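Chemist: quick one, what's the 3D model for this:
(chains A and B)
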Number of protein chains: 2
Amino acid sequence: MTRPLTPLGSNPIRAVDVIRKKRDGQELTSAEIQYVVQACTSGEIPDYQISAWLMAVVLRGLTRAETSALTDSMLRSGEILDLSDLPAAKVDKHSTGGVGDKTSLVLAPLVAAAGLFVPMISGRGLGHTGGTLDKLEAIPGFNVNLPLPQFRRVLDACGCAMIGQTSEIAPADRKLYALRDVTGTVESPYLICASIMSKKLAEGIDALVLDVKTGSGAFMKKEQDAAFLAELMVETGEHMGKKMVALITGMDQPLGLKVGNSLEVEEAVDVLRGGGPEDLKELCIELAGWMLHSGGAADAVEEGKTVSRKLLASGEAFEKFRQMVILQGGDVRAIDEPARLPHSKFKLEVASPKDGFIVAIDCEAMGRASVALGGGREKKEDSVDPAVGIVVHRKLGDQVSGREPLCTIHHNSEARARQAARLLLESYQIASTPPAGEKPPLIRHVIRGAAAK
Amino acid sequence: MTRPLTPLGSNPIRAVDVIRKKRDGQELTSAEIQYVVQACTSGEIPDYQISAWLMAVVLRGLTRAETSALTDSMLRSGEILDLSDLPAAKVDKHSTGGVGDKTSLVLAPLVAAAGLFVPMISGRGLGHTGGTLDKLEAIPGFNVNLPLPQFRRVLDACGCAMIGQTSEIAPADRKLYALRDVTGTVESPYLICASIMSKKLAEGIDALVLDVKTGSGAFMKKEQDAAFLAELMVETGEHMGKKMVALITGMDQPLGLKVGNSLEVEEAVDVLRGGGPEDLKELCIELAGWMLHSGGAADAVEEGKTVSRKLLASGEAFEKFRQMVILQGGDVRAIDEPARLPHSKFKLEVASPKDGFIVAIDCEAMGRASVALGGGREKKEDSVDPAVGIVVHRKLGDQVSGREPLCTIHHNSEARARQAARLLLESYQIASTPPAGEKPPLIRHVIRGAAAK
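Modeler: Numbers count the residues shown, from 1 in each chain, chains lettered A, B, ... in the order given. Okay, here's the model as predicted:
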């Protein structure tokens, strides 16, 4: 097991001293941070010291150097994939989580179709946001629990592979996150950054494109908080030698028109076949453009976007998705004919209570409606129903007449549907005049690391 | 066992929500604080949640209402002595800890001699400060571990009794303190206040006089920090219906001339017999004056001081001390003839390195010198040697010639004596001119609760 780091001739690091130092707002050394992470992972220092330290970090913050040291220590607590022998750059995308965000399902095959490698390790849905793994599992037979050697083989064979967190990757993050979850220490940009980046950098990637969401459906409701986290992650990744870009994107309404696991696979397939709703398509092409540029497959982002549009229109991206589904054990007929995906037994229309214009959507409430239907998780242990979800008919700025449907609930339980309907009705704000001012762009701004410029 | 408090029709209180609320700087309700204290004492919520909450309290602070609720919950976690049938007021004194502070040994019998009751539950020395229990145990046979019923009988019989913390008193404090000690959450005036006050108020007292030390030998080096804690404790005690006074007193040099357990008993006996060094005598009379006034035995503090002087001069206070020593199993001959107290085998003089004036003393270093000799504790588990200590010959403002002794070390080990001598030499700052300005008074100022005014 790991031992406390004791530089020659100096005293061993003591947990209580490190806690006090951070409590008093002083900068910790890399050795002190490494000690905390190693001793936490090995169980050498008790949880009550870790949680006191975490609270001190939440309230005192970390410097950039401390954030990098924390990320690095968490990364090195587990295995780091060595993909250096692959014949092209390895790039990935990470989103901070939203409602109806199925871009990963489009991006992995799309970017692989352009010749890069996308070794994507994703999470499950928790709270009001969905998770890529739950969406993939809506495809009958799709196995997201591949061991790392098999993950590697899929990646070799088709250029992309999508799995869940394995026990070898960043065990310190798993340990710390379990403790943060029950000690009120989740909400810290520094800890969020280290948690995300340690797992993503373990994928052995060269470049990472971040989609940091802001708005009513995002974890960071305020754009300035989203930008702060984005800058932190970009700087941390840069510091660790990766090409980094972060897009701050709007999450004031669901992305696309479908929320729920099967429904989102359906919509991702639409985009992969060259169709799909405009906003979803726009974000996929923008993110793919940056991924291709960061990975060296396009000299400029615009060129990357042009390539991406072509690969979607030609069906090449869809073909890559088919290959991956087959390689990961999924029933490819379910994506060739999405009617074969699991579908709910019942539907319920949620009608607009009045005439008017949609001026605001509480997108988090819409996410909670999906959870209420059984499509997401309140707690980690909950199972999800792939068939249920919401199809949205009216989005921001749209006009609606009284009794016209705002959305359609796909459900397997009347009681759950009623609860979801109440949440959905509450989530729409309808006014007699259209929303004032220009519609804010989906892509708010871009934060580029020096190496990605 | 205690259960989470669930007001009718409301949700049960969850630890993580209480932690998050304090993390975000919001005021907790009394029910929330009571829940944390009860669930901590019963072991119902795990230590890692308590320590995260403690760190949030350290960094966010508590309001006066929260501090009172915390003190009250900790007090009610254990037994509260009911001394309401005693025929006079019950008063006590508490000091925040210093070097050479043997006032408790004088005050308990002195105030009892004036007709009030002093039910004194004290602590042991830890770190550079001494503890009343260790001093009392220098008297052969003296039993500080009386069960509460026997404590009560001694109090009935002679008006004062002095024991250590029992397991029935404020168990929440013991549990919390053990956790604070290892999680960097000791240094918070709010937590210090609740810890001290919950134990003191369990004594069933009517009035409490606080001696809050400031200076190089105190825990609070800065007078403003001492005043802040003093005000907090006065307001908390007042809020709980007690008469409260706090004296902010100087601890820039040892109180009196003797440091070490036997040596301090000797000096306390000097004062009880009407002699002793001026500063120690002054502080004892001032504190006793306030105790008599707070307990209703003197209309004014000055009157209380006059009474105290008389009781010291007449030998009545000493006689009360003798009674208590006998009732608690101590060998009364050891205080009648202090030569019978444990004495060290060896002495070592620490000579001044040069001619000059004492302009500063690092009083904490002097306390550490006593610990180095074996007279105090580094860790709770350490045992103490009652015989060792320091006799101080030069104090602030005194003139000294090179080679004249600054102090004499009483020791039982050459190696320990050398270590102590080094610390003592370092603790004296000697200049060629006398210290500038007026000597600061021993009693800096007095903070009175409304009821004590």
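Chemist: OK, contacts around the nearest residue to residue A:187 once chain neighbours are set aside?
Modeler: Once flanking residues are discounted, residue A:187 sits nearest to residue A:58: 7.1 Å by Cβ to Cβ, 6 or more residues apart in numbering or on different chains. Where you see a C-beta, it was placed from the backbone N, CA and C, and this is true even at glycine. For residue A:58, the contact set (Cβ atoms under 8 Å, 6 or more residues apart in numbering or on different chains) comprises A:184, A:185, A:187, A:188, A:191, B:23.
Chemist: nearest residue to the last one in space, ignoring adjacent ones along the chain?
Modeler: What that stands for is residue B:23. The shortest distance from residue B:23 to any non-neighbouring residue, by Cβ to Cβ, 6+ apart, is to residue B:56 (4.5 Å).
Chemist: tell me the contacts of the one you found?
Modeler: Counting by Cβ under 8 Å, 6+ apart, residue B:56 touches A:55, A:59, A:184, B:19, B:22, B:23.
Chemist: how far away is it from residue B:28?
Modeler: Residue B:56 sits 10 Å away from residue B:28, going by Cβ to Cβ, to the nearest Å.
Chemist: same deal with residue A:177?
Modeler: As for residue A:177, its distance to residue B:28 is 26 Å (criterion: Cβ to Cβ).
Chemist: what about the two, which has more around it?
Modeler: The neighbour comparison of residue A:177 against residue B:28 (other Cβ atoms under 10 Å in any protein chain shown) goes to residue B:28, with 22 against 14.
Chemist: around the residue in the stretch 351-453 of chain A that chain B sits nearest to, count how many other residues there are.
Modeler: Nearest residue of the stretch 351-453 of chain A to chain B: residue A:379, at 12.6 Å (Cβ to the nearest Cβ). By the measure other Cβ under 10 Å, the count of residues near residue A:379 is 8.
Chemist: which residues touch residue A:84?
Modeler: Residue A:84 is in contact with residue A:204, counting by Cβ under 8 Å, 6+ apart.
Chemist: over to residue A:345?
Modeler: Neighbour list for residue A:345: A:387, A:411, A:412 [criterion: Cβ under 8 Å, 6+ apart].
Chemist: which single one of those residues is nearest to residue B:91?
Modeler: residue A:411 (70.5 Å; Cβ to Cβ).
Chemist: what helix or strand is the residue lying closest to the closest one once chain neighbours are set aside located in?
Modeler: Leaving aside its sequence neighbours, residue A:411 sits nearest to residue A:417 (Cβ to Cβ, 6+ apart; 4.0 Å). Under the criterion of DSSP states H and E, residue A:417 resides in helix A:414-427.
Chemist: how about the residues of chain A near chain B?
Modeler: A:15-17, A:19-20, A:23, A:46-52, A:54-56, A:58-60, A:179, A:182-185 (Cβ under 8 Å from any Cβ of the partner chain).
Chemist: among those, which ones are in helices?
Modeler: Secondary structure from DSSP state H places A:15-17, A:19-20, A:23, A:47-52, A:54-56, A:58-60, A:179, A:182 of these in helices.
Chemist: of the residues you listed, just the buried ones, ChimeraX syntax please.
Modeler: The buried residues among those can be selected in ChimeraX (16 or more other Cβ atoms under 10 Å in any protein chain shown) with this line:
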select /A:15,16,19,20,23,47,48,49,50,51,52,54,55,56,58,59,60,179,182
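Chemist: who are the contact partners of residue A:147?
Modeler: residue A:166.
Chemist: try residue A:328
Modeler: Applying Cβ under 8 Å, 6+ apart, we find residue A:328 in contact with A:136, A:142, A:143, A:144, A:146, A:154, A:161, A:162.
Chemist: is the third one in a helix, a strand, or coil?
Modeler: What DSSP: H, G, I helix; E, B strand; the rest coil gives for residue A:143 is coil.
Chemist: quick one: secondary structure of the residue nearest to it when sequence neighbours are not counted?
Modeler: Spatial nearest neighbour of residue A:143, excluding adjacent residues (Cβ to Cβ, 6+ apart): residue A:329 at 4.3 Å. With three-state DSSP as the basis, residue A:329 sits in coil.
Chemist: ok, residue A:329 touching residue A:139?
Modeler: No. The criterion here is Cβ atoms under 8 Å, and residue A:329 misses it with residue A:139 at 9.3 Å.
Chemist: quick one: which of the two has more around it?
Modeler: Set residue A:329 next to residue A:139 and count neighbours by other Cβ under 10 Å: residue A:139 wins out with 28 against 14.
Chemist: pretty sure the more buried one is touching residue A:336, no?
Modeler: No. Here residue A:139 lies out of contact with residue A:336, judged by Cβ under 8 Å, at a distance of 11.0 Å.
Chemist: is the residue most central in space within chain A in a bridge, and if so with what?
Modeler: By Cα atoms, centre = their mean, chain A has its centre lying nearest to residue A:95, at 3.2 Å. With DSSP bridges as the criterion, residue A:95 is bridged to residue A:211.
Chemist: residues near residue A:299, how many?
Modeler: Neighbours of residue A:299 under the rule other Cβ under 10 Å: 10.
Chemist: are we agreed that it is in a helix?
Modeler: No. Residue A:299 sits outside any helix when classified using three-state DSSP, being coil.
Chemist: mind giving me the domain split of chain A?
Modeler: Listed by automatic domain parsing, the domain ranges of chain A are A:91-166+A:179-337+A:443-452, A:343-431.
Chemist: which among these is found nearest to residue B:36?
Modeler: domain A:91-166+A:179-337+A:443-452 (12.4 Å).
Chemist: quick one: the closest one to chain centroid distance?
Modeler: With Cα atoms, centre = their mean, to the nearest Å as the basis, domain A:91-166+A:179-337+A:443-452 stands 6 Å off its chain's centre.
Chemist: what is the rounded mean pLDDT of that domain?
Modeler: The average pLDDT within domain A:91-166+A:179-337+A:443-452 is 95.
Chemist: what about residue A:380, which SS state?
Modeler: Under three-state DSSP, residue A:380 falls in the coil class.
Chemist: do the same with residue A:263
Modeler: helix.
Chemist: isn't it up against residue A:409?
Modeler: No. Using Cβ under 8 Å, residue A:263 makes no contact with residue A:409, being 10.9 Å away.
Chemist: who has more neighbours out of the two?
Modeler: The residue with more neighbours, out of residue A:263 and residue A:409, is residue A:263; 29 against 25, by other Cβ under 10 Å.
Chemist: kindly export stretch A:88-104 (C-alpha atoms) in PDB.
Modeler: C-alpha atoms of stretch A:88-104 as PDB (Å, rounded to 0.1, in the frame of the first residue of the first chain):
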ATOM      1  CA  ALA A  88      -4.300   8.800 -34.900                       C
ATOM      2  CA  ALA A  89      -5.100  11.300 -32.100                       C
ATOM      3  CA  LYS A  90      -7.400  10.200 -29.200                       C
ATOM      4  CA  VAL A  91     -10.000  12.800 -28.400                       C
ATOM      5  CA  ASP A  92     -13.100  12.900 -26.200                       C
ATOM      6  CA  LYS A  93     -15.900  15.200 -25.200                       C
ATOM      7  CA  HIS A  94     -17.300  15.700 -21.700                       C
ATOM      8  CA  SER A  95     -20.600  17.400 -20.800                       C
ATOM      9  CA  THR A  96     -21.400  18.700 -17.300                       C
ATOM     10  CA  GLY A  97     -24.900  17.300 -17.700                       C
ATOM     11  CA  GLY A  98     -28.200  18.500 -19.100                       C
ATOM     12  CA  VAL A  99     -31.600  17.400 -20.100                       C
ATOM     13  CA  GLY A 100     -32.100  15.700 -23.500                       C
ATOM     14  CA  ASP A 101     -28.300  15.900 -24.200                       C
ATOM     15  CA  LYS A 102     -27.600  12.900 -26.400                       C
ATOM     16  CA  THR A 103     -24.600  14.400 -28.200                       C
ATOM     17  CA  SER A 104     -22.200  11.700 -27.000                       C
END
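Chemist: list the buried residues in that stretch.
Modeler: For stretch A:88-104, by 16+ other Cβ under 10 Å, it's A:89-104.
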